[in-house]
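In: how would this look folded up:
(chains A, B, C and D)
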Protein chains: 4
Amino acid sequence: MGTGRLEAFSDGVIAIIITIMVLELKVPHGDELHALTPLLPVFLSYLLSFIYVGIYWNNHHHLLHTTEHVGAGVLWANLHLLFWLSLIPFVTGWMGENHFAPLPTAMYGFILLMSATAWWLLQCCIVKTHSTNAPVVQVLGHNIKSKVSPFLYIGGILTAFYSTWISGALYVAVALLWLIPNKRFERVANEH
Amino acid sequence: MGTGRLEAFSDGVIAIIITIMVLELKVPHGDELHALTPLLPVFLSYLLSFIYVGIYWNNHHHLLHTTEHVGAGVLWANLHLLFWLSLIPFVTGWMGENHFAPLPTAMYGFILLMSATAWWLLQCCIVKTHSTNAPVVQVLGHNIKSKVSPFLYIGGILTAFYSTWISGALYVAVALLWLIPNKRFERVANEH
Amino acid sequence: MGTGRLEAFSDGVIAIIITIMVLELKVPHGDELHALTPLLPVFLSYLLSFIYVGIYWNNHHHLLHTTEHVGAGVLWANLHLLFWLSLIPFVTGWMGENHFAPLPTAMYGFILLMSATAWWLLQCCIVKTHSTNAPVVQVLGHNIKSKVSPFLYIGGILTAFYSTWISGALYVAVALLWLIPNKRFERVANEH
Amino acid sequence: MGTGRLEAFSDGVIAIIITIMVLELKVPHGDELHALTPLLPVFLSYLLSFIYVGIYWNNHHHLLHTTEHVGAGVLWANLHLLFWLSLIPFVTGWMGENHFAPLPTAMYGFILLMSATAWWLLQCCIVKTHSTNAPVVQVLGHNIKSKVSPFLYIGGILTAFYSTWISGALYVAVALLWLIPNKRFERVANEH
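Out: Below is the predicted model of the structure:
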């Protein structure tokens, strides 16, 4: 089977996830500037999550672009990824409304860690169903980012109970790491 | 008419159904671990429904992939299926917030039963408009899962008033049954 | 320009409209049967609106299928239609929660009337940009349903203040009228 | 990479943005006409934002239609645009519920200004990755609307603190300016 409908469905789910997070930014009752102040942490957590979901969409786009065919295993690995991503709005709201309290901040990192694990599983499923010289397999060869990120997430989860500033800095660091585009995907895509 | 737009619209509706269920996971006010405790049954019912909606999307993908053309009858049979699926978030929330009380658990099974009936009707409509040697007709020939599931749903509805544990176990059993991929779809798809 | 992206965007908006209506079915607090009773009128109005939005999607699918190209005028006529359709969840909720009170029932008919007008405008825009022997122009030639519906809607709006039963019956009648598929679209589509 | 999936994802996000704004039109409790009165400013701000988001979708459709390929830079410039557009429902609700008070009205203009800036950045990214004689570069050459709009938005933001009527009139003026279709896009599209 081709990747068309898998991409369309994932686009739909990711588009909704990225947009319903903004519903957590509840319209304040007052019309003064200080009515917006309690929304600042909610806004900051929305911004971070928007970037994370954007990174996943971007990488999903690149990954599926080089994938040639999908079987039942890949469909479920993809749904598994979407499941963890769908919990991002919940932890984003929880972390934002509690002004980056330790437990919600750690839980935020946990959901990011599970999403990264689901992403890694999806890659494995795709690699397993392609021959070793398929473009997608070559691209996924050795990715330093994928190997470093889980440790940074675990670091963020553990440090959340000591200082949520360090924790937040680690989450921002992983996001920045991934914002740098993966040149290999584009290079392989251009070669084909 | 081709199946393209029917797939796109169904993808949109199913993507929204699967994602709005997470809105029932209301952000708790406290930042302690016990603030999450009352959300556990809501989370479990979300997980079960996510898998069910995922199964429907997966099967819909496989079914339409082998379907060659759609008429007005199929369009309405598909909308009928989407109607019952759209009630899943409601019964999921009702069951979760009432900690798997008898009536909501039975109602959850009823919506699953109606969805399965709508799915069966959709298959009939597609078979009726295709010749007997069309791939989609061959695939749908004899499917044991489709025949067993309604009885398990009815079992789940009835046992809900005695023990919601048995009821829940039956719903989980049907989900597991469907998680095993239908080899015939992939085989027929590969042959064409 | 082709119709691809207009269809994709309309599918997205209509899919969301049809699905967010179900959010008005608020999860009740009790777990007894009588907890569902106040939801019955909300459910009935959801059912009627689901059918109406389904009819619009169906007709939209048929219309765009025979349309060959779209210009800026058609894009805006389509957005105008989506605007009125986007108000259907609001009037559906208002009518349902007020148990079919006169004013909400009349307002529901008004939004249906405006949607029908927007649909008619969209057809005019498409006809204007196609030659007289284009399939889409032939199909839209004389449609009795389109001519009768506005009068039934106006009837429904006016009778709402005397008897909402007559009003509701008229809305149901128009829905049933449109559920009968337009054979001409399929015949013309098959010829091409 | 082609523009297909970028268009599909943007369609999804814009479709959700345009539709969730209607959720701010909360179903009133009464069934009398005066129950609708407090909703009038909310409705008017919804109408204005629907037109703005419609304009962005329309322009996005035209822009991507002439774009030949997209790289990582364009994907992120597009996500940046979607980020600012995703804040429109929030400021629309805030402005509407506070009956066009100065600060919310100024903030509404600020989000429109940032969206326009993001749109301009997206255009720059697309132009940078195309040769100077590509259709998309020719089309974007000199656009008076793009140059005038930021000044009108800044005017709207500043005048909001003196008279929200002038401010609102300026926002309406920009919307009307953009409703006039950009003939160049259609002409260039027809030539190819």
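In: what's the burial count for the residue of chain A found nearest chain B?
Out: Here chain A gets closest to chain B at one residue, residue A:12, 3.1 Å apart by Cβ to the nearest Cβ. No exception for glycine: its C-beta is placed from N, CA and C like everyone else's. For residue A:12, the neighbour count with other Cβ atoms under 10 Å in any protein chain shown is 30.
In: Figure out the helix or strand that it lives in.
Out: Element membership of residue A:12 [criterion: DSSP states H and E] is helix A:4-20.
In: Let me know whether the helix or strand that that helix is followed by sits next to chain C.
Out: As assigned by DSSP H and E, the chain's next helix or strand after helix A:4-20 is helix A:40-66. No: against chain C, helix A:40-66 shows no contacts by Cβ under 8 Å from any Cβ of the partner chain, the least distance being 15.6 Å.
In: Check which element follows helix A:40-66 along the chain.
Out: That would be, after helix A:40-66 and using DSSP H and E, helix A:72-86.
In: what helices or strands is that following helix leaning on?
Out: Identification of packing neighbours for helix A:72-86 by 3 or more Cβ pairs under 8 Å, 6 or more residues apart in numbering or on different chains; DSSP states H and E yields helix A:4-20, helix A:40-66, helix A:102-128, helix B:4-20, helix B:40-66.
In: Go through those helices and name the closest to residue A:155.
Out: Nearest to residue A:155 among those is helix A:102-128; the distance by Cβ to Cβ comes to 8.5 Å.
In: Check which residues of the closest one are buried.
Out: Buried positions in helix A:102-128, judged by neighbour count with 16 or more other Cβ atoms under 10 Å in any protein chain shown: A:102-116, A:118-123, A:125-127.
In: one step back: mind putting the helices and strands packed on helix A:72-86 into CSV with distance to residue C:164 and mean pLDDT?
Out: Shown next, in CSV, are these (distance: least, Cβ to Cβ, whole Å; pLDDT from 0 to 100):
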stretch, distance to residue C:164, mean pLDDT
helix A:4-20, 35, 90
helix A:40-66, 42, 91
helix A:102-128, 48, 93
helix B:4-20, 30, 91
helix B:40-66, 35, 91
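In: Residue A:178 contacts residue A:145, correct?
Out: Yes: in this structure, residue A:178 is within contact of residue A:145 by Cβ atoms under 8 Å, at 6.2 Å.
In: Quick one: name the residues of chain A near chain D.
Out: Within reach of chain D by Cβ under 8 Å from any Cβ, chain A has these residues: A:7-8, A:11-12, A:14-16, A:18-20, A:22-23, A:25, A:27-33, A:47, A:50, A:54, A:57-58, A:61, A:64-65, A:179, A:181, A:186, A:189.
In: how near is residue A:12 to residue B:54?
Out: Note on residue A:12: its distance to residue B:54, by Cβ to Cβ, to the nearest Å, is 13 Å.
In: For whichever residue of chain A sits closest to chain D, list the residues it contacts.
Out: Proximity of chain A to chain D (Cβ to the nearest Cβ) peaks at residue A:15, 3.1 Å away. Listed by Cβ atoms under 8 Å, 6 or more residues apart in numbering or on different chains, the contact set of residue A:15 reads B:15, D:9, D:12, D:13, D:15, D:16.
In: same deal with residue A:123?
Out: A:63, A:140, A:146.
In: I'd like the distance between it and residue A:137.
Out: According to Cβ to Cβ, residue A:123 and residue A:137 sit 10 Å apart.
In: Same question for residue A:84.
Out: 24 Å.
In: Please identify the helix or strand for residue A:130.
Out: Judged by DSSP H and E, residue A:130 forms part of no helix or strand.
In: Next, the contact list for it, please.
Out: By Cβ under 8 Å, 6+ apart, the neighbours of residue A:130 are A:67, A:68, A:69, A:136, A:137.
In: So the residue of chain A closest to chain B sits against residue B:10, correct?
Out: No: using Cβ under 8 Å, residue A:12 is not in contact with residue B:10; the gap is 10.1 Å.
In: residues from chain A in reach of chain B?
Out: Close to chain B, as judged by Cβ under 8 Å from any Cβ, chain A has residues A:1, A:5-6, A:8-9, A:12-13, A:15-17, A:20, A:23-24, A:71-73, A:75-76, A:79, A:82-83, A:86-87, A:89-90, A:93-94, A:97-98, A:101-104.
In: if we can go back for a sec, just the buried members of the residues of chain A next to chain D?
Out: Applying 16+ other Cβ under 10 Å to the residues of chain A next to chain D flags A:7-8, A:11-12, A:14-16, A:18-20, A:22, A:25, A:27-28, A:31, A:50, A:54, A:57-58, A:61, A:64-65, A:181, A:186 as buried.
In: check contacts around residue A:17.
Out: If you count contacts by Cβ under 8 Å, 6+ apart, residue A:17 has them with A:53, A:85, A:86, A:88, A:89, B:19.
In: and if you look at residue A:103?
Out: Applying Cβ under 8 Å, 6+ apart, we find residue A:103 in contact with A:160, B:31, B:32, B:33.
In: For residue B:78, see how far away residue A:8 is.
Out: 16 Å.
In: whoops, I mixed them up, residue A:79
Out: Counting by Cβ to Cβ - residue A:79 and residue B:78 are separated by 20 Å.
In: Those two: which has the busier surroundings?
Out: residue B:78 (27 against 23).
In: that older thread, turn the helices and strands packed on helix A:72-86 into CSV, including distance to residue A:165.
Out: Converted to CSV, those look like this (distance: least, Cβ to Cβ, whole Å):
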stretch, distance to residue A:165
helix A:4-20, 26
helix A:40-66, 13
helix A:102-128, 10
helix B:4-20, 32
helix B:40-66, 29
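In: Just tell me which of these ends up closest to residue B:165.
Out: Comparing the helices and strands packed on helix A:72-86 by Cβ to Cβ, helix B:40-66 comes nearest, at 12.5 Å.
In: Is that closest one in proximity to chain A?
Out: Yes: Helix B:40-66 reaches chain A (Cβ under 8 Å from any Cβ) through B:47, B:50, B:54, B:57, B:58, B:61, B:65.
In: what's the angle from that helix to helix B:102-128?
Out: Interaxial angle, helix B:40-66 versus helix B:102-128 (axes from the mean of the first three to the mean of the last three Cα atoms, to 10 degrees): 0 degrees.
In: Now do helix B:40-66: distance to the chain's middle.
Out: Centre-to-centre, helix B:40-66 and its host chain are 5 Å apart (Cα atoms, centre = their mean, to the nearest Å).
In: Return the set of buried residues in it.
Out: Applying 16+ other Cβ under 10 Å to helix B:40-66 flags B:41-46, B:48-66 as buried.
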